[in-house]
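1. predicted model and sequence below, questions to follow.
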Amino acid sequence: MSNSSSIKKSSLWSLPAQPLPEADSTADPVFVTIWLVVTAILTVLYHRLLKRGQIWPEFWTIMVGTAVLGFWYIVVVLDRWLHWHKDSVVYGYILIMPIWDTFYVLSTILILWGNYTIVFREFKPRRFTKKQKQWWWGVAYAFLFIVYLMSTFFVLLQFALSVVWMEFSSLNTIADVATKKRQFELTMNAFFFGFSLLTTGAASVAILWRTTKDEGSPRLTQIVLMAANLILLARSSAQFGIAIQKPNVSRNTTVFTGDITYGLLTCLYLIIGIWLARTLSSPEEIVTDDIELVRNDIRKAILDKLDEVTESHRIDSPEFASLIDDLLANNKRSLVRLLENGPLSANVALTHEQKMQAAEAYLDILREKYGALNPKVGLNWEEHSRASSAFSMKNLLPGQRSKQELRTPSNRSLRGSIHQSRSRDLSAMFTRQEPVLEEAVSQ
């Protein structure tokens, strides 16, 4: 009784220093030291790229998250080596990691959100309506708010648990705080996993479904971006799984497993991120966006011509090939005038020759897809799509192959809504298959 009352009176603050529990192996401190060095190097690389304006501004969030993670690893490395050496520390030492884990939580949130903003760039206006984009952005913001809320409660309860242990005022109080802390730890990791799943779902919709439907297959950068999302999803899954298993395994096992999986998958994602940052912001990718604006003006010009020749759809549509011939007639004067006046292609970062090559290449694609369509005769799209599959393009621009930027759209997009078309009005069909950007329509 006297010993218990003595401990209660003095709490743990006044007790002498004691050796830390020994780590199971040297591997844990060695690995976290490697992660510290890697994150420090990657932070410098991200900062240099951002300072030179060579990458998208969305990568700024990734850079900050990497820097915060490196800051967290400084104390983690010290802690893991202290455990390996079994150094003696005062009991107040248990307050350090709960405070420092704030940087771990913040880094996780920053990297997850930065990754989502990069994926959201794939929601191109032509491929997604404004309402669809608002839905994906709104759901992500709602998820982010909940993640912040759960993370804040977890950090506060983790610190509170250390404080009540130090005070040693009541075992019931300690047990109550520990229970709540575990509940919020599970909830936080569940939302980390949920947010990663949401981001992977967004990437799947934008890249695997929509890009494949419009372009035939994703570009290399899109495939790598999808792989990066799967890595973050695997990291969140591992975090969640470790949090679930904590009561059933030893502390050393959960710490070691968490340090290895979290550090390895995070560093792998950040290394891929450096390649993505430089590649996605490269002139070739910028040219790709400008080419889309050129294509958009051509689509709008064809729709405007259809409206004119059909007297606002009061008479039959002509053969589609004739609309392309009209743009290329008289030494391509109509096409040149279109590219000079825009509305979207007038100010793109392409030379006149590059715009002409992009426009002519796209007209070849449209001729191959729709040139045989005659509203008075009809067209079997099943046969047309098989004939189109053999179609291939010459170089669009120097150094650019058609398989990268000008893929023939997937046959599935032709067979879907129009199986056997005898449309007498090309306008509705063409708008469905080749939608025009909203900003172009408004001009």
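-> Perfect, I can see it now.
2. so what's Ile274 up against?
-> By Cβ atoms under 8 Å, 6 or more residues apart in numbering, Ile274 lies in contact with 42, 45-46, 49. Every C-beta, even on glycine, is put in place using the N, C-alpha and C of the backbone.
3. could you pull out the strands for the chain?
-> 18-19, 88-89, 379-380, 420-421 (DSSP state E).
4. comparing the ones you listed by mean pLDDT, which bottoms out?
-> Note on these: lowest mean pLDDT is at strand 420-421, with a mean of 37.
5. which residue ranges form the helices in the stretch 101-250 of the chain?
-> In the stretch 101-250 of the chain, the segments counted as helices under DSSP state H, counting those that start in this stretch are 130-167, 171-203, 212-215, 220-245.
6. state the mean pLDDT of the shortest one.
-> What helix 212-215 shows for mean pLDDT is 66.
7. quick check: pLDDT value at the residue nearest to Val119 when sequence neighbours are not counted.
-> Take Val119 and drop its neighbours on the chain: the residue closest to it by Cβ to Cβ, 6 or more residues apart in numbering is Ala203, 4.8 Å away. On the pLDDT scale, Ala203 is placed at 92.
8. and the closest residue to Val76 other than its chain neighbours, what does it touch?
-> Here the nearest residue to Val76 in space, its sequence neighbours aside, is Val32; by Cβ to Cβ, 6+ apart that works out to 5.3 Å. Residues near Val32 by Cβ under 8 Å, 6+ apart: 73, 76-77, 80, 259, 263.
9. got a pLDDT number for Val32?
-> Confidence score, pLDDT, at Val32: 94.
10. low-confidence ranges, this protein, go.
-> The model of the chain has pLDDT under 70 over residues 1-13, 15, 53-54, 125-126, 213-216, 281-289, 312-313, 330-331, 349, 373-443.
11. if we go to 50?
-> 1-9, 378-424, 440-443 (pLDDT under 50).
12. closest to the centroid, which residue in it?
-> The centroid of the chain falls nearest to Val119 when counting by Cα atoms, centre = their mean (2.8 Å).
13. thinking again about what came up before, to Pro19, which of the helices of the stretch 101-250 of the chain lies closest?
-> Among the helices of the stretch 101-250 of the chain, the nearest to Pro19 by Cβ to Cβ is helix 130-167 (17.8 Å).
14. work out the gap between the closest one and the centre of the chain.
-> The chain centre lies 20 Å from the centre of helix 130-167; the measure is Cα atoms, centre = their mean, to the nearest Å.
15. what is that helix packed up against?
-> helix 96-120, helix 171-203 (3 or more Cβ pairs under 8 Å, 6 or more residues apart in numbering; DSSP states H and E).
16. tell me the most buried of these?
-> Mean neighbours per residue, mean count of other Cβ atoms under 10 Å, is largest over the helices and strands packed on helix 130-167 for helix 96-120, with a mean of 20.
17. so what's the nearest residue to Trp81 once chain neighbours are set aside up against?
-> Spatial nearest neighbour of Trp81, excluding adjacent residues (Cβ to Cβ, 6+ apart): Pro29 at 4.7 Å. Contacts for Pro29 (Cβ under 8 Å, 6+ apart) come out as 23, 77, 80-81, 83-84.
18. need the max-distance pair from the residues you listed.
-> The widest separation within these (Cβ to Cβ) is 12.4 Å, between Ala23 and Val77.
19. quick check: Leu157 vs Thr254, distance?
-> Per Cβ to Cβ, to the nearest Å, Leu157 is found 18 Å from Thr254.
20. now do Ile62
-> With Cβ to Cβ as the criterion, Ile62 and Thr254 are 27 Å apart.
21. quick one, which of these two is more surrounded?
-> Ile62 (28 against 16; other Cβ atoms under 10 Å).
22. list the contacts of the nearest residue to the more buried one once chain neighbours are set aside.
-> Nearest residue to Ile62 in three dimensions, chain neighbours excluded: Gly114, at 4.0 Å (Cβ to Cβ, 6+ apart). Contact analysis of Gly114 by Cβ under 8 Å, 6+ apart lists 58-62, 64-65.
23. among these, who's most crowded?
-> Ile62 leads the contacts of Gly114 on contacts (other Cβ under 10 Å) with 28 neighbours.
24. my guess is it contacts Ile271. True?
-> No. The pair Ile62 / Ile271 is not scored as a contact, 11.7 Å apart, by Cβ atoms under 8 Å.
25. how about Asn56, phi and psi?
-> Actually, residue 56 is Trp rather than Asn. Main-chain torsions, Trp56, degrees, to the nearest 10: phi -60, psi 150.
26. nope, Ser169 is what I meant
-> phi -80, psi -40.
27. state the number of residues packed around it.
-> 13.
28. try Gln245
-> The burial count for Gln245: 12, using other Cβ under 10 Å.
29. pull the contacting residues for it.
-> Counting by Cβ under 8 Å, 6+ apart, Gln245 has contacts Thr254.
30. separation between it and Thr257?
-> 9 Å.
31. same thing with Trp72?
-> Taking Cβ to Cβ, one finds Trp72 at 18 Å from Thr257.
32. the more surrounded of these two?
-> Using other Cβ under 10 Å as the criterion, Trp72 and Thr257 rank with Trp72 on top: 23 against 16.
33. so that one touches Tyr104, yeah?
-> Yes. Contact between Trp72 and Tyr104 holds when scored by Cβ under 8 Å: they sit 4.8 Å apart.
34. burial measure for Pro19, as a count.
-> Neighbours of Pro19 (other Cβ under 10 Å): 12.
35. that one contacts Ser88, correct?
-> Yes. In terms of Cβ under 8 Å, Pro19 counts as a neighbour of Ser88; the distance is 5.0 Å.
36. from Ala17, how far off is Asp87?
-> For Asp87, the distance to Ala17 - Cβ to Cβ - is 9 Å.
37. just Arg314 next, same as before
-> For Arg314, the distance to Ala17 - Cβ to Cβ - is 93 Å.
38. these two: which is more packed in?
-> Neighbour totals were compared for Arg314 and Ala17, and Ala17 leads with 12 against 6 (other Cβ under 10 Å).
39. ok, and the closest non-adjacent residue to the more buried one?
-> In this structure, Ala17 finds its nearest non-sequential neighbour in Ser88, 4.2 Å apart by Cβ to Cβ, 6+ apart.
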